[in-house]
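Participant: Let's see this in three dimensions:
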Amino acid sequence: MIIGLTGRISSGKGFIKNFLEKIGFKYYTFSDVVREEAAVRGIEITRKNLQDLGNEVRNKEGPGAWAKRIIEKLELGKNYIVDGIRNPGEVEELRKIKNFFLIAVDAPQEERYERLRLRAKPSDPKTWEGFLEIDNRDFGEDDPKGQQVCKCMEMADFFIFNNSNIEVLMERIKDVYKQILRKEEVDKI
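Facilitator: Residues are numbered from 1 along each chain as shown. I've put the predicted structure just below:
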């Protein structure tokens, strides 16, 4: 089974990843694949540069290009988490695989900014204005081959709104996972 994750920056996707890894899922993220390409090209690792590179490759190779690169790494019959889905073409490419389920995650904007500040990744913006800029770009661009998290979230099979504490979030994650297992069993019939 492959569980894809999409959602706003700092919305809580990492908690889902951690839960699934604990029960045996292997993790891949689009960001790592884009970073690998940036390293090959000698591009400085900043969020803007990674977004620009992501868009460039989608425009040259098609909207599902990054998904194809991740799919090449997967072994049939194993369970995977594929994180950082940002374009509907990536969802469409992953949907070609049997037992692919997409989870969308969101949280209030102010909470997401505070989480981003606390995690302090080098590529994260340091100001509210910088956060809004990358958040808006990531959520939806005019370019159909660009960042379109909003459209990916609309394509999701399941949605988690992370507006409470960690205990509530974990219950929501477990509930969605149980629904996925039931759906997978029904699909086998």
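Participant: For the rest of this, base every contact and every neighbour count on C-alpha atoms.
Facilitator: Will do.
Participant: Dead centre of the chain: give me the residue that sits there.
Facilitator: Per Cα atoms, centre = their mean, the C-alpha nearest to the average position across the chain is that of Gly84, at 2.2 Å.
Participant: Can you list the low-confidence ranges for the chain?
Facilitator: In the predicted model, the chain carries pLDDT under 70 at residues 141, 143, 188-189.
Participant: where do the helices sit along it?
Facilitator: For the chain, the helices defined by DSSP state H cover 13-22, 30-41, 47-61, 65-71, 88-94, 109-119, 128-139, 149-154, 166-188.
Participant: can you redo those helices as JSON lines with mean neighbour count and distance to Ile3?
Facilitator: Below are the helices of the chain laid out as JSON lines (neighbours: other Cα atoms under 10 Å; distance: least, Cα to Cα, whole Å):
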{"stretch": "helix 13-22", "mean neighbour count": "16", "distance to Ile3": "9"}
{"stretch": "helix 30-41", "mean neighbour count": "15", "distance to Ile3": "13"}
{"stretch": "helix 47-61", "mean neighbour count": "17", "distance to Ile3": "21"}
{"stretch": "helix 65-71", "mean neighbour count": "18", "distance to Ile3": "13"}
{"stretch": "helix 88-94", "mean neighbour count": "21", "distance to Ile3": "10"}
{"stretch": "helix 109-119", "mean neighbour count": "15", "distance to Ile3": "22"}
{"stretch": "helix 128-139", "mean neighbour count": "16", "distance to Ile3": "20"}
{"stretch": "helix 149-154", "mean neighbour count": "21", "distance to Ile3": "14"}
{"stretch": "helix 166-188", "mean neighbour count": "14", "distance to Ile3": "9"}
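Participant: got TSV for these, with distance to Ile103 too?
Facilitator: As requested, the helices of the chain are exported to TSV (distance: least, Cα to Cα, whole Å):
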stretch	distance to Ile103
helix 13-22	9
helix 30-41	15
helix 47-61	21
helix 65-71	16
helix 88-94	11
helix 109-119	18
helix 128-139	16
helix 149-154	8
helix 166-188	8
